[in-house]
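Visitor: Here is my input; please provide its structure:
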Amino acid sequence: MREDLKLARERLEQKNLTLVVVKRSKVILETSAHGIRGLLEAIERLKGKMRGSSVADKVVGRAAALLCVYSGVAAVFATIASHEGIEVLLENHVSLEFDHSVPHIMDSKGTGVCPFEKLASTFSSPKEAYKGLRAACG
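Guide: Down below sits the predicted model:
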């Protein structure tokens, strides 16, 4: 698992991606999609293959953390992780590494909390979060 997370992180940084999923030393998904869409796309495309994988993501807030838990991810690296995202992952026994922590994930303009983070705060379970976030992204 540690080697998978290392590989995911290296690919994220070297290729300037937003999300990399690695399982058993093999990159199974890379994307430059912004926001929560990359993780939702990964869950849809990979189905159950994310279970036990390692994910490197530029930004992990509560929404991304809930999606990682929902999909059975074993380890996460985040360039930026919110306090709530960190809490969700640790409570669900997901291994976590990050470069910087912030109180909240902000919207793209930096003027307020990200709308997906606001939405994620209303969900009580990872499954509920997946359904709600998927519906919100169309």
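
Visitor: who touches stretch 99-113?
Guide: Here stretch 99-113 makes contact (Cβ atoms under 8 Å, 6 or more residues apart in numbering) with 34, 59, 61-63, 78-86, 114-115, 117. In this view, the C-beta of every residue, glycine as well, is placed from N, C-alpha and C.

Visitor: Only whichever of those residues are buried, select them in PyMOL.
Guide: Buried residues among the contacts of stretch 99-113 (16 or more other Cβ atoms under 10 Å), as a PyMOL selection:
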select buried, resi 59+61+62+63+78+79+80+81+82+84+85+86+114+117
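
Visitor: so how far is residue 112 from residue 68?
Guide: 24 Å (Cβ to Cβ, to the nearest Å).

Visitor: The two: which is more packed in?
Guide: Comparing residue 68 with residue 112 by neighbour count (other Cβ atoms under 10 Å), the higher total belongs to residue 68, at 29 against 11.

Visitor: And the residue nearest to the more buried one when sequence neighbours are not counted, its phi and psi?
Guide: The shortest distance from residue 68 to any non-neighbouring residue, by Cβ to Cβ, 6 or more residues apart in numbering, is to residue 76 (5.6 Å). Main-chain torsions, residue 76, degrees, to the nearest 10: phi -130, psi 140.
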